[in-house]
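A.B. asks: What follows is a predicted structure for the sequence shown.
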Amino acid sequence: MPTNFVSSRIMEWRNLDCTNKLLIDAYGRCGSLEDAGKVFNRMPQRNIFSWNSVISVLTKLGYVDEAAGFFYSMPEHDQCSWNSIISGFAQQDRFGEALFYFVRMHREDFVLNEYSFGSALSACSGLKNIKIGAQIHALIAKTRFFSNVYMGSALVDMYGKCGSVSCGQRAFDDMSERNRVSWNSLITCYEQNGPASAALQVFLRMMDCGIEPDELTYASVVSACASLSAIKSGKQIHARVVKCNKLRDDLVLGNALVDMYAKCNKINEARCIFDRMPVRNVVSETSMVSGYAKVASVRTARLMFAKMMERNIVSWNALIAGYTQNGENEEALRLFRLLKRESVCPTHYTFGNLLNACANLTDLQLGRQAHTHVLKHGFRFQFGEESDIFVGNSLIDMYMKCGSVEDANLVFKTMMERDWVSWNAMIVGYAQNGYGNKALELFKNMLASGEKPDHVTMIGVLCACSHAGLLEDGRHHFSSMSREHGLVPLKDHYTCMVDLLGRAGCLDEAKNLIETMPMKPDVVVWGSLLGACKVHRNIRLGKYVTEKILEIDPSNSGPYVLLSNMYAELGKWGDVVRVRKLMRKRGVIKQPGCSWIEVQGHVSVFMVKDKKHPQRKAIYSVLNALIKQMKRAGYLPDAGDEEAHEELATSAAVG
C-alpha cells in the first residue's frame, strides 16, 4: 500500500476526530447532553481527546458521577482528563472527592499544573482543611508556578477561608507580582478573620499601588467598616462608590452598604440605600430587619419581615434576636414556635437566642422544653464549622439563671468540648446561687485543665468568696489577678471586694479600697459599703458614704432610706425625721417595692400596700395568719429594712 495513501487516511481520521470533538463540545455548551452522547457513541474510533470532551461536557453540566464513570472507562488518561474530573468535583462542592482525585493524579506521576493546584486549593478552602492546603502549598513551591500570580491569589484565598491570617499574609508577601484578585483575597482574609482594621490598611496600600478597586474590593472594605462600626470610613467608601456609575447598582455592594449603615445604627441611611436599590434579595431585606431590631424598632422589623418574599434562617434569627435584645422575650418564643410550624431548620444562633429568652423570663419549664428541641436537632456542644458549644453555654446560663444548678452541672459534664465561656457560666452560676465552695473548686479545675481565666471568671470567683464568707481566699484571688493571671482589676472586681470586706465587718478597709481605686467609684460600689454599714450599725461611716452617693446621684432614694433605718434602729428618731424632711425638700421620691410570683403559668405582680389583686382578701388573710405565727415565735419584722435594701439594689442595677 503506497505511503501517501496511508498518510491521507490518517489525516482523514484525525480531521474526523477533530470534527467529532468540536461537535461534542458544541452540543455540551448548548446543554444538549443527549446529542453529545450520540456523536460520541457513533464514533468508529475514539481517542483521548474525544473522551476528554465528553468528561468536560458532563462536569460542566454537573453530572460528575457520570463523568467519573467515563473517566474509569478510559483506556488511558492525560493531564486534561485528571484536571477535568478534579475541577468537576470541586465546582459541585464535593471537595473530598476532588482531593481524592488530586492525590491519585500526583501519585500516578502526572504533571500537576496551575489548573490542578487551583482546583485542589479550592477544595481545601471548602473543607477548611489547612493541613492539606499547606501540603499543596509545599508542592507548588517546588514548581515553576510558585511565582504565578494566579497561584499566589489562590493560596491567599485558601488560607483566608481556613482562618489563618498569618499564612495568608506570608503567601501574599511571597508573590513577585500581584493583581486586583490578590489584593481582594488579602482584604477579604482580614475582613473575615480579623483584625478588620487591617483590611482597611491593606485597601489603602492597594490604592497607593495604583490598583483600581472593583465591587468585590468595596464590598469587603464596607463589611470591615461594619465590623468596626467605623461609620466615617464607611461613608468615605460610599462616596467613592457613588462616583462610579458601573458600581452604583451592584447588588452585593448595595447589600454591604445597607448592612454597614444598619450595624452602625444609621437606620435611615440604610433605608435610603435599600429603597434606591433596583434589585434586592433576601440578604438586603434581612439586613434591614436586623437593623430595625437593633435600634429597638422591632415593630417595624416585624412588618418588614412579614413583607419579605423569601426568608431564610438568618432572617428569622435577626428578628428573634431583636425581640430578646429589646426585652420582648415572650414574642421571641412565639416567633420560634412559628418558625417550627413553617419547618424552618433552626441553627445554633436560633437556640442561643431562644435560651436567652427563657433565661430572661426565668422560666425553667420553658427552658427545659427548649432543651428538648436542642437535643432533637443533635447538638453535641463541640467545635466545628458552626460551633455548637455556644448552645451548650446558653443552656448552662439558662439553667443557672432559673436556679436549677443540677441541670446546669449535667449539661456541663456532658459537653463534648468546652471553652472559657463554659467554665465562666458554671463558676458565676454557682456563685450567684450560693454555692461558693463549689465555684472555687471548679475554678481550680479550670486552671488545672489549662484554661486561662478572664475578667468574668474572676468576678465569679470573688462573688463566691463573698457569699461563702471566705475573706482570706478573696484577698488572695484579688491580688493574684495581676500577679498570676495578667488581669488588671476592673470596677466590678473592686465592687466584689468591697462587698466581701463589708460582709466580714472590715468597713474601714473597704472604705480605703474604694478611695484608692484607679477609677472613679460609682453608686454601686458605695452602695455596697452603705449596706454593710447598715448591717454592722456603723452610723458614722454610713453618714459619710451616704454623702458620697448623693454627690454622684442626688435623686437616689436608697441611701436616704438606709440612713433613716439605721437611725431608727439606734432609736435616734429626731434624725429619722430630719432625713425624711430632707428627702421631701429635695423632691426625692421613694419608689414603692414591687414583687411578683408565678402560679400555674400566671404571673401576679404586687406593690407595697397593694389592694388591686382580685384575690386580695384571701391573700391578706393568709398574711395576717403568718404574721400572728411569727409574733408567737418571738419574731418582729422590720418593714422598712427590706424596702430600703431593695430600693438601693434596684437603683444601682438601673444605673
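C.D. replies: That came in fine, so what should we check first? Keep in mind that what you see is a predicted model, and the values were worked out from it rather than measured. Numbers count the residues shown, from 1 in each chain.
A.B. asks: The most centrally placed residue in the chain is in what secondary structure piece?
C.D. replies: The centroid of the chain falls nearest to residue 349 when counting by Cα atoms, centre = their mean (7.6 Å). Using DSSP states H and E, residue 349 sits within helix 348-361.
A.B. asks: Equivalent analysis for residue 595, please.
C.D. replies: Going by DSSP H and E, residue 595 is part of strand 594-599.
A.B. asks: likewise residue 606?
C.D. replies: strand 602-607.
A.B. asks: what mean pLDDT would you report for that strand?
C.D. replies: Computed over strand 602-607, the mean pLDDT rounds to 75.
A.B. asks: Show me where the stretch 151-300 of the chain has its helices.
C.D. replies: Ranges of helices in the stretch 151-300 of the chain, per DSSP state H, counting those that start in this stretch, are 165-173, 180-193, 196-208, 215-228, 231-243, 245-248, 251-263, 267-276, 282-294, 298-307.
A.B. asks: coming back round to it: test my guess that the residue nearest to the centre of the chain contacts residue 318.
C.D. replies: No - with contact defined as Cβ atoms under 8 Å, residue 349 does not reach residue 318; the gap is 9.6 Å. C-betas here are computed from N, CA, C, even on glycine.
A.B. asks: And the contacts of the helix holding residue 349?
C.D. replies: 313, 316-317, 320-321, 323-324, 327, 329-330, 332-333, 336, 339, 346, 366-367, 370-371, 373-374, 377, 379, 386-388, 390-391, 394-395, 397-398, 401-402 (Cβ atoms under 8 Å, 6 or more residues apart in numbering).
A.B. asks: Just the residues you listed: which are in helices?
C.D. replies: Residues from the contacts of helix 348-361 lying in helices, with DSSP state H as the criterion: 313, 316-317, 320-321, 323-324, 329-330, 332-333, 336, 339, 366-367, 370-371, 373-374, 390-391, 394-395, 397-398, 401.
A.B. asks: so residue 120 is in which element?
C.D. replies: helix 114-127.
A.B. asks: what angle separates the helix or strand just after that helix from helix 114-127?
C.D. replies: Using DSSP H and E, the helix or strand that follows helix 114-127 in sequence is helix 130-141. Counting by axes from the mean of the first three to the mean of the last three Cα atoms, to 10 degrees, helix 130-141 lies at 160 degrees to helix 114-127.
A.B. asks: Can you work out which other helices and strands pack against helix 130-141?
C.D. replies: Under the contact definition 3 or more Cβ pairs under 8 Å, 6 or more residues apart in numbering; DSSP states H and E, helix 130-141 sits against helix 114-127, helix 149-161, helix 165-173.
A.B. asks: deepest of those, which one?
C.D. replies: Across the helices and strands packed on helix 130-141, averaging neighbours per residue (mean count of other Cβ atoms under 10 Å) puts helix 149-161 on top, at a mean of 25.
A.B. asks: List the contacts of that helix.
C.D. replies: Here helix 149-161 makes contact (Cβ under 8 Å, 6+ apart) with 114, 117-118, 121-122, 124-126, 128, 130, 133, 137, 140, 145, 165, 167-168, 171-172, 174-175, 177-179, 181-182, 185-186, 188-189, 192-193.
A.B. asks: circling back to that earlier point, relative to residue 314, how far out is the residue nearest to the centre of the chain?
C.D. replies: From residue 349 over to residue 314 the distance is 9 Å, taken as Cβ to Cβ, to the nearest Å.
A.B. asks: Could you do residue 518 as well?
C.D. replies: Residue 518 is 43 Å from residue 314, by Cβ to Cβ.
A.B. asks: more neighbours, those two?
C.D. replies: residue 314 (16 against 9; other Cβ atoms under 10 Å).
A.B. asks: returning to that earlier point: tell me the helix or strand right after the strand holding residue 606.
C.D. replies: Heading C-terminal from strand 602-607 (DSSP H and E), you reach helix 616-632.
A.B. asks: so how far is that following helix from its chain's centroid?
C.D. replies: Offset of helix 616-632 from its chain centre (Cα atoms, centre = their mean, to the nearest Å): 50 Å.
A.B. asks: per-domain residue ranges of the protein.
C.D. replies: 490-591, 594-634 (the TED database).
A.B. asks: Select, out of those, the one closest to residue 305.
C.D. replies: For the domains of the chain, the distance to residue 305 is smallest for domain 594-634, at 27.7 Å, taking Cβ to Cβ.
A.B. asks: Between the two ends of the closest one, how far is it?
C.D. replies: Counting by Cα to Cα, to the nearest Å, you get 27 Å between the two ends of domain 594-634.
A.B. asks: how about the nearest residue to residue 468, chain neighbours excluded?
C.D. replies: residue 436 (2.9 Å; Cβ to Cβ, 6 or more residues apart in numbering).
A.B. asks: Contacts only, for the one you found.
C.D. replies: Residue 436 sits in contact with 430, 463-470, where contact means Cβ under 8 Å, 6+ apart.
A.B. asks: Residue 175 too?
C.D. replies: With contacts defined as Cβ under 8 Å, 6+ apart, the neighbours of residue 175 are 147, 149, 152-153, 182.
A.B. asks: Next: residue 134.
C.D. replies: residue 167.
A.B. asks: Tell me how far it lies from residue 507.
C.D. replies: Distance from residue 134 to residue 507, by Cβ to Cβ: 61 Å.
A.B. asks: Likewise for residue 338?
C.D. replies: 55 Å.
A.B. asks: Looking at those two now, which is surrounded by more residues?
C.D. replies: Set side by side, residue 338 and residue 507 show more neighbours around residue 507, with 21 against 12, by other Cβ under 10 Å.
A.B. asks: Test my guess that the more buried one contacts residue 530.
C.D. replies: No - with contacts counted by Cβ under 8 Å, residue 507 stays clear of residue 530, the gap being 10.3 Å.
A.B. asks: Need the nearest residue in space to residue 317, chain neighbours excluded.
C.D. replies: Using Cβ to Cβ, 6+ apart, the nearest residue to residue 317 is residue 349, at 5.0 Å.
A.B. asks: gap between the one you found and residue 356?
C.D. replies: Taking Cβ to Cβ, one finds residue 349 at 11 Å from residue 356.
A.B. asks: again, but for residue 610
C.D. replies: Counting by Cβ to Cβ, the separation of residue 610 from residue 356 is 31 Å.
A.B. asks: and those two? which has more neighbours close in?
C.D. replies: residue 356 (21 against 16).
A.B. asks: Please report how far the more buried one lies from residue 387.
C.D. replies: From residue 356 over to residue 387 the distance is 17 Å, taken as Cβ to Cβ.
A.B. asks: Residues touching stretch 93-112, excluding its own?
C.D. replies: Contacts with stretch 93-112, where a contact means Cβ under 8 Å, 6+ apart, come from 64, 77-79, 82, 85-87, 89-90, 116, 119-120, 122-124, 126-127, 129, 132, 139, 143.
A.B. asks: okay, residue 80: pLDDT?
C.D. replies: Residue 80 is assigned a pLDDT of 87 by the prediction.
A.B. asks: Show me how far the strand holding residue 595 is from its chain's centre.
C.D. replies: That offset, for strand 594-599, works out to 33 Å (Cα atoms, centre = their mean).
A.B. asks: Please name the strands paired to that strand in the sheet, noting orientation.
C.D. replies: strand 602-607 (antiparallel) (DSSP bridges).
A.B. asks: which residues are contacting the strand it pairs with?
C.D. replies: Residues outside strand 602-607 that contact it (Cβ under 8 Å, 6+ apart): 592-598, 613.
A.B. asks: What of stretch 189-198?
C.D. replies: 156-157, 159-161, 163-165, 168-169, 199, 202, 220-221, 223-225, 227-228.
A.B. asks: now this protein, which segments are flagged as low pLDDT?
C.D. replies: Along the chain, the parts satisfying pLDDT under 70 run over 1-47, 384-386, 588, 591, 601, 609, 636-655.
A.B. asks: quick one on the thing from earlier: now render the helices and strands packed on helix 130-141 as TSV, adding distance to residue 566.
C.D. replies: Putting the helices and strands packed on helix 130-141 into TSV (distance: least, Cβ to Cβ, whole Å) gives the following:
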stretch	distance to residue 566
helix 114-127	67
helix 149-161	63
helix 165-173	58
